[in-house]
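> Output the structure for:
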Amino acid sequence: MTHVVLLKPKAGTTDEEMASLFDSIKSLQAIIPGLQAVSVGKNRSAYHHGYKYGVIMHFCDEAHLQAHHPHPAHLAVVEKLERFCDESIDFDLPENPPAGLL
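Purely as a prediction, here's the structure:
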């Protein structure tokens, strides 16, 4: 499963604060079972609508994706995210969508 999070930072949030958040997010790979890969960074698209940063996490399956939500390490990252961001959007994708779906 692929878990995508788009982040709209609060006015005044610094690059250093976002870098600290990203370090916290990347550290989850060593802590959260089934989290196979993490990518974070600044959105390079001009059509970001204020969602200037993003996170992509790859989980081995949906059960591990769901299990990470209540994990204490994840909840600590969510608290930090809420300090620095006005809004976020979560988007989850299966690794192999059913035939006929884009």
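> ok now the helix or strand where residue 56 lies, how far from the chain's centre?
Remark: residue 56 resides in strand 53-59, with elements defined by DSSP states H and E. On the basis of C-alpha atoms, centre = their mean, to the nearest Å, strand 53-59 sits 4 Å off its chain's mean C-alpha point.
> Send me that strand as PDB with only the CA atoms.
Provided in PDB are the C-alpha atoms of strand 53-59 (Å, rounded to 0.1, in the frame of the first residue of the first chain):
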ATOM      1  CA  TYR A  53       5.300  19.500   0.900                       C
ATOM      2  CA  GLY A  54       4.500  15.900   0.600                       C
ATOM      3  CA  VAL A  55       5.200  12.500   2.200                       C
ATOM      4  CA  ILE A  56       5.000   9.100   0.500                       C
ATOM      5  CA  MET A  57       5.100   5.900   2.600                       C
ATOM      6  CA  HIS A  58       5.100   2.400   1.300                       C
ATOM      7  CA  PHE A  59       3.700  -0.300   3.500                       C
END
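> how about it: buried residues?
For strand 53-59, a neighbour-count test (16 or more other C-beta atoms under 10 Å) marks 53-55, 57-59 as buried. Heads up, the C-betas are built off the backbone N, CA and C, glycines and all.
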